[in-house]
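In: output the structure for:
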Amino acid sequence: MQSLGAALSRSDAAASRLKLLSYNIQAGIGTRHFRDYFLRGWQHVLPFPERIRNLDHIASLLADFDLIGLQEADDGSLRSHFLNQIEYLALRAGLPFWASRVNRNLGHWGQHALGLLARHPAARVERFALPGRIPGRGVLLADFDAFSTPLRVQVSHLSLSGRARRRQLDCLIRRATEHDGVNLIMADFNTTPANQDLQRLCQEAGLKLPPTPPSTYPGWRPRRAIDHILVSESVEICAVEALPFGVSDHMPLSMTIELPARVHPPALSHPTTARVSG
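Out: Residues are numbered from 1 along each chain as shown. Next up is the predicted model:
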């Protein structure tokens, strides 16, 4: 029979090692060549049968991960057969917790959304808009207390404009620095690691990128690293990889991390008892 201490240590280890995924799923369109942007442009607004098959294929990937940030999902509109793609993926992948945030509400024509899927429920979820000349960018934020340390996750999709992205990064920095535990940011940043503003995000929020972030765009011949998972300095990055998958114009970005141990208060040298009056 195993000791209770051994069982707990194994449980703590499992709770500290996490498999993360950040993926711009392009609403399940499945772009595989530059020409598809023109030939399949109608699929951004109209339904087609292959979309559900693409989502099922994505769900088979998501089932292997603990925390997943999604960009360019659809929260339920004509193009997605009025299906909340984030809820659908969570159910198909067997992930009990999911949350979404609609970034751009186009009514029946599109519900552009961020998604977060996890094996454990969040203690708190917050949704907020990001600044920009054109509305439609935001953050899905969740605090977790089910792991080896308090964990804050931000999922986002930033602007192409450098000026707007700079202001949006300020918001991410502010929400990361107000949290005392570990921070993760999973996003389509639309910029490479060499970008000064992305480097400033790391410096001011105490975050880091992997030493060699893999290229994720375009998905059929990746040349640019624009999808990133940023983690607190105290987190160990065990592995990172862009996965060949072929169901979007982005490759999914996978990362395995080791969380730091929770800091417990020192144990009392002598047990104490409480007296109940009455």
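In: for this structure, which helix is longest?
Out: Ordering each helix of the chain by length in residues (DSSP state H) puts helix 162-177 first.
In: by mean pLDDT, which helix or strand of the protein comes out lowest?
Out: Between all helices and strands in the chain, the lowest mean by mean pLDDT, DSSP states H and E belongs to helix 4-16, at a mean of 46.
In: which SS class is the residue nearest to the spatial centre of the chain?
Out: Nearest residue to the geometric centre of the chain (CA atoms, centre = their mean): Gly69, 2.2 Å. Following DSSP: H, G, I helix; E, B strand; the rest coil, we place Gly69 in the strand state.
In: what's the answer for the one 3 residues further on, then?
Out: Of the three states, Glu72 takes strand according to three-state DSSP.
In: list the contacts of it.
Out: Applying CB atoms under 8 Å, 6 or more residues apart in numbering, one finds that Glu72 lies in contact with Asn24, Ile25, Gln26, Ala27, His112, His157, Asp188, Ser248. C-beta coordinates here come from the backbone N, C-alpha and C atoms, glycine included.
In: could you do Asn103 as well?
Out: Neighbours of Asn103 in contact, by CB under 8 Å, 6+ apart: His112, Ala113, Leu114, Gly136, Arg137, Gly138, His157.
In: thinking Ile52 is in contact with Arg79, fair?
Out: No: counting by CB atoms under 8 Å, Ile52 sits too far from Arg79 to count as a contact (12.0 Å).
In: show me which of the two is the more surrounded one.
Out: The neighbour comparison of Ile52 against Arg79 (other CB atoms under 10 Å) goes to Arg79, with 25 against 16.
In: am I right that the more buried one is in contact with Ala27?
Out: Yes: using CB under 8 Å, Arg79 is in contact with Ala27, at 6.6 Å.
In: so Leu21, which of the three states?
Out: Here Leu21 is recorded as strand under three-state DSSP.
In: got a list of what it touches?
Out: Leu21 touches Leu61, Leu62, Phe65, Leu67, Ile68, Gly69, Met186, Pro252, Leu253, Ser254, Met255, counting by CB under 8 Å, 6+ apart.
In: before we move on, what about Leu230?
Out: By CB under 8 Å, 6+ apart, the neighbours of Leu230 are Asn183, Leu184, Ile185, Met186, Leu201, Cys202, Ala205, Leu207, Lys208, Leu209.
In: so which of the residues you listed sit within helices?
Out: Mapping these onto helices (DSSP H) picks out Leu201, Cys202, Ala205.
In: could those go into CSV alongside neighbour count, pLDDT and distance to Arg166?
Out: Output for the ones in helices among the contacts of Leu230, formatted as CSV (neighbours: other CB atoms under 10 Å; pLDDT from 0 to 100; distance: CB to CB, whole Å):
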residue, neighbour count, pLDDT, distance to Arg166
Leu201, 23, 97, 10
Cys202, 18, 98, 14
Ala205, 21, 98, 14
